[in-house]
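A.B. asks: output the structure for:
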Amino acid sequence: MTLRTGVWHGAGTATYGAHMTVIEVAGAHKSYRRRGKAPEKALDGLDLVVATGGVHGFLGPNGSGKTTTIRILLGLVRADAGELRLLGQPVPQALPQVIGGVGALVETPLFFPAFSGRLNLRLLADTAGVTATRVEECLELVGLRDRADDRFRGYSLGMKQRLGIAAALLKSPRLLVLDEPSNGLDPAGIREVRELVRRLGSDGSTTVFLSSHLLAEIEQVRDAVSILARGRCVATGPVSQVLAGGAAGDLRVRVPDQRRAAHALTAAGFTVSEVDGALQVHGADDPADVVRALVAQDLYLTELSPVTADLESVFLDLTRQQP
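C.D. replies: Predicted coordinates for the structure are as follows:
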């Protein structure tokens, strides 16, 4: 498989169009070898495309390959096989030419604890050739202007994460990569980071690539999403499209005698499960067929409603299906 500019829709299927991309990955493999143990696959033929603009959620359980993907894209480790592009250029070959357009926060940000937030950023800015004006702009963006002269050691975890994001924004990147930015934060810190990510994604000048295993966080800030399981991308695209693939044609059914109803529906050829005290009929093309199967057994409905998929149910279903 070779890379071309486009947007991937669904796992393993690509529809190419005029969209510009910031990340492209095709057939990426990576294994880690530990002495005395068999190699462990971190990536197993990963395909991934991230289009320009908004917030792209990179979702998967711990150990699914999210951090490995980010490390390969940033040149911190090398893939065993596959093709990768960052801002349209092959990596790692062209990484020196494009890295100036990428900001990243991977793991816990490190700063001088005795220095203020402002001074820490100014030291980084001097190294990168960034103006003091840009330092102030970044402090404003992350909401730390009023606490910029406080020492870093006195910051809360949420403030430390926001300063790390400010550092990643110094060079006005086209792509901002955030790897689990809410890890270890209390609810207030999670809310601070979530609101910041939402603001950055709506700005229009920066694409935010947000890696997380926290479904609630991705659900609240994302425009598109890619779901990883065991080193492979199992679904990707606009959130509405990914959700449309989950629970398609499912119906919620309630009757006074649910045991008899389940038996009647199963005998009629439907697949039935119990969810939250009701019956869920899977893949029912026509609700009238469900009604007829029940009425034939003198079973009458108290509820018949379509099941609307949410990101959590789609995520759990997709990751559970992987071998």
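A.B. asks: just list whatever residues bridge to residue 207.
C.D. replies: residue 175 (DSSP bridges).
A.B. asks: where does pLDDT dip in this protein?
C.D. replies: Where the chain drops to pLDDT under 70, the residues are 1-19, 243-249, 308-313, 316, 318-323.
A.B. asks: what's the domain layout of it?
C.D. replies: Per the record, the chain has its domains at 7-244, 251-307, by automatic domain parsing.
A.B. asks: and of the ones you listed, who's closest to residue 317?
C.D. replies: domain 7-244 (9.7 Å; Cβ to Cβ). For the C-beta atoms, the positions are set from N, CA and C on the backbone; glycine is no exception.
A.B. asks: please name the nearest non-neighbouring residue to residue 239.
C.D. replies: Using Cβ to Cβ, 6 or more residues apart in numbering and skipping the chain neighbours, the partner closest in space to residue 239 is residue 225 (5.4 Å).
A.B. asks: that neighbour reaches residue 60, doesn't it?
C.D. replies: No: taking contacts as Cβ atoms under 8 Å, residue 225 lies outside contact range of residue 60: 10.4 Å.
A.B. asks: identify the residues contacting the lengthiest helix in the chain?
C.D. replies: The single longest helix within the chain, with elements called by DSSP state H, is helix 187-203. With contacts defined as Cβ atoms under 8 Å, 6 or more residues apart in numbering, helix 187-203 is touched by 54-55, 141-143, 156-159, 161-162, 165, 169, 176, 178, 181-182, 185, 206-208, 210, 214, 217, 220-221, 223.
A.B. asks: ok so, going back, the domains of the chain: which one's closest to residue 315?
C.D. replies: With Cβ to Cβ, the closest approach to residue 315 among those belongs to domain 7-244: 5.8 Å.
A.B. asks: ok, residue 159 - contacts?
C.D. replies: Contacts for residue 159 were tallied using Cβ under 8 Å, 6+ apart; they are 117, 144, 147, 189, 192.
A.B. asks: circling back to that earlier point, joint contacts of residue 225 and residue 60?
C.D. replies: Common contact partners of residue 225 and residue 60 (Cβ under 8 Å, 6+ apart): none.
A.B. asks: which other helices and strands does the strand or helix carrying residue 119 contact?
C.D. replies: Using DSSP states H and E, residue 119 sits in helix 117-128. Using 3 or more Cβ pairs under 8 Å, 6 or more residues apart in numbering; DSSP states H and E, the elements in contact with helix 117-128 are helix 132-141, helix 157-169.
A.B. asks: looking at the ones you listed, which is buried most?
C.D. replies: Among the helices and strands packed on helix 117-128, the stretch with the highest mean neighbour count (mean count of other Cβ atoms under 10 Å) is helix 157-169, at a mean of 23.
A.B. asks: using CSV, write out every CA atom in it.
C.D. replies: C-alpha atoms of helix 157-169 as CSV (Å, rounded to 0.1, in the frame of the first residue of the first chain):
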residue,chain,number,x,y,z
LEU,A,157,-1.0,19.6,37.7
GLY,A,158,-3.5,21.2,35.3
MET,A,159,-1.5,24.4,35.2
LYS,A,160,1.7,22.4,34.5
GLN,A,161,0.0,20.7,31.6
ARG,A,162,-1.3,24.0,30.2
LEU,A,163,2.2,25.4,30.4
GLY,A,164,3.5,22.4,28.5
ILE,A,165,0.9,23.0,25.8
ALA,A,166,2.0,26.7,25.7
ALA,A,167,5.5,25.5,25.1
ALA,A,168,4.3,23.3,22.3
LEU,A,169,2.5,26.3,20.7
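A.B. asks: what ranges does the stretch 1-150 of the chain have for its strands?
C.D. replies: 7-8, 14-15, 21-32, 40-51, 55-59, 81-86, 89-90, 102-106 (DSSP state E, counting those that start in this stretch).
A.B. asks: among those, which is nearest residue 239?
C.D. replies: Here strand 55-59 is closest among the strands of the stretch 1-150 of the chain (Cβ to Cβ), at 8.0 Å.
A.B. asks: what packs against the closest one?
C.D. replies: Using 3+ Cβ pairs under 8 Å, 6+ apart: strand 55-59 touches helix 187-203, strand 207-212, helix 215-221, strand 224-229.
A.B. asks: next, the buried residues of it.
C.D. replies: 55, 56, 57, 58, 59 (16 or more other Cβ atoms under 10 Å).
A.B. asks: what number of residues lie near the closest residue to residue 52 other than its chain neighbours?
C.D. replies: The spatial neighbour of residue 52 that comes closest, neighbours along the chain excluded (Cβ to Cβ, 6+ apart), is residue 20 at 4.5 Å. For residue 20, the neighbour count with other Cβ atoms under 10 Å is 14.
A.B. asks: what does residue 291 give?
C.D. replies: For residue 291, using other Cβ under 10 Å, the count is 16.
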